[in-house]
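Colleague: I would like to see how this sequence folds:
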Amino acid sequence: MKIEMPNDKTIEGLTNIFKILGDNTRVRILYCLANQERNVSDICECLNMTKSAVSHQLRVLRDSKLVKNRRNGKEIYYSLDDDHVSSIFKCALEHVNE
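Modeller: Here you go, the predicted structure:
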């Protein structure tokens, strides 16, 4: 039985998400953000990493629409972009922990 495959743009988008999720640091950042938004300093403390290293990875996650940010005065807070990202992350975590 032949199934209809998604178009190339959709396949490329899926591939990109899995590439982004294939990095330990980015997954650790997502884990840190899974239950609440945090600023860069909080994320650095959580991961024991420098601000520049965390900021670089946050940029990759933001460009991939996996995290979003909001400004509150001088502070920028990050959170998972939407319920889809949260669901993907939680399902993968449940699968690994089975």
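Colleague: Tell me the gap between stretch 40-57 and the middle of its chain.
Modeller: Distance of stretch 40-57 from the chain centroid (Cα atoms, centre = their mean, to the nearest Å) equals 14 Å.
Colleague: quick one: buried residues of it?
Modeller: Buried residues in stretch 40-57, counted by 16 or more other Cβ atoms under 10 Å: 40, 42-44, 47, 49, 54, 57. C-beta here means a position set from N, CA and C on the backbone, and glycine is covered the same way.
Colleague: Of those residues, which pair is most distant in space?
Modeller: 42 and 57 (14.3 Å; Cβ to Cβ).
Colleague: Just give me the neighbour total for residue 66.
Modeller: For residue 66, the count of nearby residues is 23 (other Cβ atoms under 10 Å).
Colleague: Was I right to think it contacts residue 82?
Modeller: No: the pair residue 66 / residue 82 is not scored as a contact, 9.3 Å apart, by Cβ atoms under 8 Å.
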